[in-house]
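**Q** sequence below, structure please.
(chains A and B)
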Amino acid sequence: MKLSFLFFAVGLILVLLQTTLLHLLPLGPIVPDFVLVLCVYWGLYHPTVGAVLASFLLGYSVDVVSSPILGLNAFAMSMVFLAVHLSSRSIWLHDPMASAIVVLLASLVKGAALALLSAFFLSVESFWMSASFYIIMEALIAAALAPFVFALLRRGQSYVERFRVTA
Amino acid sequence: MLAFLRKNQIVLSSCSCLLLALYILNAHARGQLKNDPIGPILLWMLRPMQLGTHAVTGWFSDVQKGFGTLSGFKTENERLRIRIQQLEAERNKLLEAEATNRRLQQLLDFRAQLPPGSVTATIIANSASTWFQSCLLDKGSSDGVGKGMAAVTPLGVVGQVISTAARSAKVLLITDPNSGVDVLVQRTRARGIVSGSLEQKTMMKYVKRSEDIQVGDRLITTGLDGVYPKGLMVGTVTKVQKQNLGLFQYIELTPSVSPSQTEEVLVVKVETNQTKN
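**A** Reported below is the predicted structural model:
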């Protein structure tokens, strides 16, 4: 549970980065989705009830700071966590390429969930054409970032666990 | 039973979260979610960090600008370069202070023209999502900022406050696909609705084909939507297309205010006839 709290704090910092520093990157309106990568990591390597709640809360915090309607990202992140967790029973990842592919697929799941809910709850004209572009771009960027973020998180997790054992 | 619950606790808790998210979505979409218990806590946790990061971001962009300015001095020696960097940093600081002073003076002058009770706020964060165009202000309900108030600058309209916490407020920008501003063309008085799109284009919608709209026409607020004061600049028409079929023209515009380059806004409440009564 303590590790989940720690991860949640990391997640909040990532939300903070997404609202501030990452806007300095020359990617136009696209914001790299570190929160998604973190949720995928949780689904694969840290599947606990705490991680489920943390995924929901991180999605909710993205909603609170940027979405016109609450619950969109909370749903999408919970969805991503569940999808990754269920699929993680049949795959075992330690290869960076494979983790990138899982994040790419998870990002597509999140994009599809967001697009479906937005189309249902928000009436935006000519939505699907532009939505599909952003879904693909976001997925590619998240996939490219995944191996680095995974390596960092894995190192952080093993450091915390070693620290706990020695303490 | 307990064994089943324990075995499937992650799947069950995930499904509960999904259902909770759907419930929140539905309730918020219908306007039934009056009190959000978690949002203000999250905003309260994020606000100090956002303020700090905002300062760091400002420093980064100063450094970025400084490097851009210094790129022509490659051949000069190290001592001069360091000296120039120092002077440049000082100059940037002074220019920044002067620009801030000028902006705030403009805001003060502009404030005098607006309805009383407007609040000056600083943009401390942008949208965390690609899908929505919004920003966070450093003032909230305890400073007099309320849902439905307009965020404006002397250059024009920025957006509308869609939610508030005690010390921060979320503004939906006019470039967001979900926003809508009642506008008229200054030259011909033709009316329409300005809204954003996911392709990062801002458009004026629902203008009849028979209306005379030209590139370069200025769009101003009508003041009839009860959100934005009348006569504020919204943008300039950049493209007009009369399609073969359809009732309306296709009009693109450039917003007069670029949110990414805006630092301070005035949050104003328009007094409509209803609120006056």
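
**Q** what about whichever residue of the stretch 151-277 of chain B sits closest to chain A, neighbour count?
**A** Per Cβ to the nearest Cβ, B:L198 is where the stretch 151-277 of chain B lies closest to chain A, at 3.4 Å. Every residue, glycine included, has its C-beta placed from N, CA and C. Residues near B:L198, counting by other Cβ atoms under 10 Å in any protein chain shown, number 25.

**Q** can you give me the helices in chain A?
**A** Counting by DSSP state H, chain A has helices at residues A:2-19, A:34-45, A:49-66, A:72-88, A:96-121, A:127-166.

**Q** list the buried ones in the longest one?
**A** Right, helix A:127-166. Residues of helix A:127-166 classed as buried: A:127, A:130-131, A:134-135, A:137-139, A:141-143, A:145-147, A:149-150, A:153, A:157 (neighbour count, 16 or more other Cβ atoms under 10 Å in any protein chain shown).

**Q** between it and helix A:96-121, how many degrees?
**A** 130 degrees (axes from the mean of the first three to the mean of the last three Cα atoms, to 10 degrees).

**Q** and B:D109, how close does it get to chain A?
**A** Distance from B:D109 to chain A, counting by Cβ to the nearest Cβ, to the nearest Å: 30 Å.

**Q** isn't that residue up against B:T153?
**A** No: applying Cβ atoms under 8 Å as the test, B:D109 and B:T153 come out as separate, 11.8 Å apart.

**Q** hmm, stretch B:240-260 touching chain A?
**A** Yes: using Cβ under 8 Å from any Cβ of the partner chain, stretch B:240-260 reaches chain A at B:S260.

**Q** who touches that stretch?
**A** Identification of contacts with stretch B:240-260 by Cβ atoms under 8 Å, 6 or more residues apart in numbering or on different chains yields A:23, B:123, B:126, B:133, B:135, B:153, B:155-159, B:173-175, B:192, B:194, B:201-209, B:211, B:213-215, B:219, B:233-239.

**Q** returning to that earlier point: so between B:D109 and B:T153, which is more surrounded?
**A** Neighbours per residue, other Cβ under 10 Å: of B:D109 and B:T153, the larger number sits with B:T153, 21 against 10.

**Q** contacts only, for A:P32.
**A** Applying Cβ under 8 Å, 6+ apart to A:P32 gives the contacts A:18, A:22, A:25, A:141-142, A:145.

**Q** B:V194 belongs to a helix, doesn't it?
**A** No: counting by DSSP: H, G, I helix; E, B strand; the rest coil, B:V194 falls outside a helix, being strand.

**Q** apart from its neighbours in sequence, what residue is nearest it?
**A** B:V181 (4.4 Å; Cβ to Cβ, 6 or more residues apart in numbering or on different chains).

**Q** what residues are up against the one you found?
**A** By Cβ under 8 Å, 6+ apart, the contact set of B:V181 is B:157, B:174, B:193-195, B:221, B:225, B:227-228, B:234.

**Q** from A:L44, how far off is the closest residue to A:V52 other than its chain neighbours?
**A** Nearest non-adjacent residue to A:V52, counting by Cβ to Cβ, 6+ apart: B:S13, 4.5 Å away. Plainly put, B:S13 is 17 Å away from A:L44 if you go by Cβ to Cβ, to the nearest Å.

**Q** same deal with B:L43?
**A** 30 Å.

**Q** if you count what's nearby, which of the two comes out ahead?
**A** Between B:L43 and A:L44, counted using other Cβ under 10 Å, B:L43 has the larger neighbour count: 24 against 21.

**Q** tell me the pLDDT of the more buried one.
**A** At B:L43, the pLDDT value in this model is 83.

**Q** residues in contact with it?
**A** A:64-65, B:136, B:165, B:167-168.

**Q** could you tell me whether it really is in a helix?
**A** Yes: secondary structure assignment places B:L43 in a helix (three-state DSSP).

**Q** which residues sit in contact with the residue most central in space within chain A?
**A** Centre of chain A computed as the mean C-alpha position; nearest residue by Cα atoms, centre = their mean is A:L36, 0.8 Å away. Neighbouring residues of A:L36 by Cβ under 8 Å, 6+ apart: A:77, A:80, A:103, A:106-107, A:110, A:142.

**Q** may I ask which of the residues you listed has the most neighbours?
**A** Counting neighbours by other Cβ under 10 Å, A:M77 comes out on top of the contacts of A:L36 with 34 neighbours.

**Q** specify the beta-bridge partners of B:L266.
**A** B:T120, B:V152 (DSSP bridges).

**Q** next: B:V237.
**A** When bridges are called by DSSP bridges, B:V237 pairs up with B:L253.

**Q** near chain A, which residues of the stretch 51-200 of chain B?
**A** Counting by Cβ under 8 Å from any Cβ, the stretch 51-200 of chain B sits next to chain A at B:53-54, B:56-57, B:60-61, B:64, B:125-134, B:136, B:162, B:170, B:172, B:176-178, B:197-200.

**Q** in helices only, show me the residues you listed.
**A** B:53-54, B:56-57, B:60-61, B:64.

**Q** out of these, who's nearest chain A?
**A** Looking across those and measuring by Cβ to the nearest Cβ, the closest to chain A is B:T53, at 4.3 Å.

**Q** got a list of what B:V237 touches?
**A** Neighbour list for B:V237: B:185, B:204, B:213-219, B:251-253 [criterion: Cβ under 8 Å, 6+ apart].

**Q** using a markdown table, lay out these together with pLDDT and distance to A:A9.
**A** Formatted as a markdown table, these follow (pLDDT from 0 to 100; distance: Cβ to Cβ, whole Å):
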| residue | pLDDT | distance to A:A9 |
| --- | --- | --- |
| B:V185 | 92 | 51 |
| B:M204 | 93 | 45 |
| B:I213 | 91 | 52 |
| B:Q214 | 92 | 55 |
| B:V215 | 93 | 51 |
| B:G216 | 92 | 51 |
| B:D217 | 93 | 51 |
| B:R218 | 92 | 48 |
| B:L219 | 94 | 45 |
| B:I251 | 93 | 47 |
| B:E252 | 93 | 43 |
| B:L253 | 94 | 43 |
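
**Q** highest neighbour count among those residues?
**A** Neighbour counts for the contacts of B:V237 (other Cβ under 10 Å) peak at B:L219, which has 30 neighbours.

**Q** cheers, nothing more for now.
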